[in-house]
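# Based on what follows, work out the 3D shape:
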Amino acid sequence: MTLRFIGTTSDHGNCPTLYEVEETGEILVQGERETDPEHLAQLRDVKDSETFVRIPRELLTRFAPKE
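So this is what the prediction gives:
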């Protein structure tokens, strides 16, 4: 599948970044992995295959698709 770069708030091309999976319209989020045990304990219905990343709110407000 093909990824389309949407945008980043990083100054040097690292994370955080948003991508779109062109064939499905799904959004991939690149960010720092959440490791805080207190935060992880509060998450619901987490599958073994899932992970969580931190991104700044600005990334979503500037680049998240509106449709």
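# what are the ranges of the helices in this protein?
Under the criterion DSSP state H, the chain contains helices at 37-42, 57-63.
# I'd like to know how far L59 sits from V29.
Between L59 and V29 the distance, using Cβ to Cβ, to the nearest Å, works out to 8 Å. Every C-beta, even on glycine, is put in place using the N, C-alpha and C of the backbone.
# overlap in contacts of these two?
Common neighbours of L59 and V29, using Cβ atoms under 8 Å, 6 or more residues apart in numbering, are P16, T17, L18.
# looking at the helices of the chain, which is closest to G7?
Ranking the helices of the chain by proximity to G7 (Cβ to Cβ) places helix 57-63 first, at 3.3 Å.
# quick one: pLDDT of the residue most central in space within the chain?
Centroid-nearest residue in the chain: V29, 2.0 Å away (criterion: Cα atoms, centre = their mean). Reported pLDDT at V29 in the predicted model: 93.
# show me where pLDDT drops low in this protein?
Within the chain, the ranges that satisfy pLDDT under 70 run 13, 67.
# Just to confirm, which residue in it is farthest away from the center?
Residue distances from the centre of the chain (Cα atoms, centre = their mean) peak at E38, which lies 20.1 Å from the mean C-alpha position.
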